[in-house]
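Peer 1: Following is a predicted model, sequence given first.
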Amino acid sequence: MYCENCGCEAPTRYVAFHQNIGLLVMRLYNGTTGNLCKRCINSTFWKYTAINLTLGWWGIISLFLTPIFCIINVCYYIPCLAMEPPAPNAAPPQLTEDAVNRIVGHQDYMFQRLQQGENLPNVSQDIAHRAGVTPGQVALYVRHLYAQSQQQ
């Protein structure tokens, strides 16, 4: 599929990383969840780990939360080590006019499946195969139509 962080078409895995910065009387939280490629998983994990280990402990609540967040992050990270990285020249998909024209013929079937509760990655994979485009282009098309409907 495609990475929800960088947009590159590559193998992805669902992760939920947590970052905590402890302050004396409060704390700052940041999190990243979604289907990410190996490159984004690595960079997010190590960034959050460095912040957790250096700045995560400086508060009463944070003293207890930071180790929990570190363990959760490691539990998501370890299974991702065996993933294939994106191709060196991997780039986010582009929604070209040709791709749109190919997808439009499958639009009714695609929306019927989405309305029945199927998830976008599975539908995108199937429609991409039928239309001769990439799954990322199908997902971009769906998101583009959704954004248009929100503006109206």
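Peer 2: Noted; the coordinates are in hand.

Peer 1: which residues in the protein form strands?
Peer 2: Taking DSSP state E, the strands of the chain run over residues 13-22, 27-36.

Peer 1: right, so those strands: which one is the most enclosed?
Peer 2: strand 13-22 (a mean of 19; mean count of other Cβ atoms under 10 Å). In short, each C-beta sits where N, CA and C put it, glycine included.

Peer 1: by contact count, what packs against that one?
Peer 2: For strand 13-22, the packing partners by 3 or more Cβ pairs under 8 Å, 6 or more residues apart in numbering; DSSP states H and E come out as strand 27-36, helix 38-55, helix 60-77.

Peer 1: partners of it in the sheet?
Peer 2: strand 27-36 (antiparallel) (DSSP bridges).

Peer 1: what angle sits between the strand it pairs with and helix 38-55?
Peer 2: 170 degrees (axes from the mean of the first three to the mean of the last three Cα atoms, to 10 degrees).

Peer 1: rewinding a little: select, out of the helices and strands packed on strand 13-22, the one closest to residue 146.
Peer 2: strand 27-36 (16.6 Å; Cβ to Cβ).
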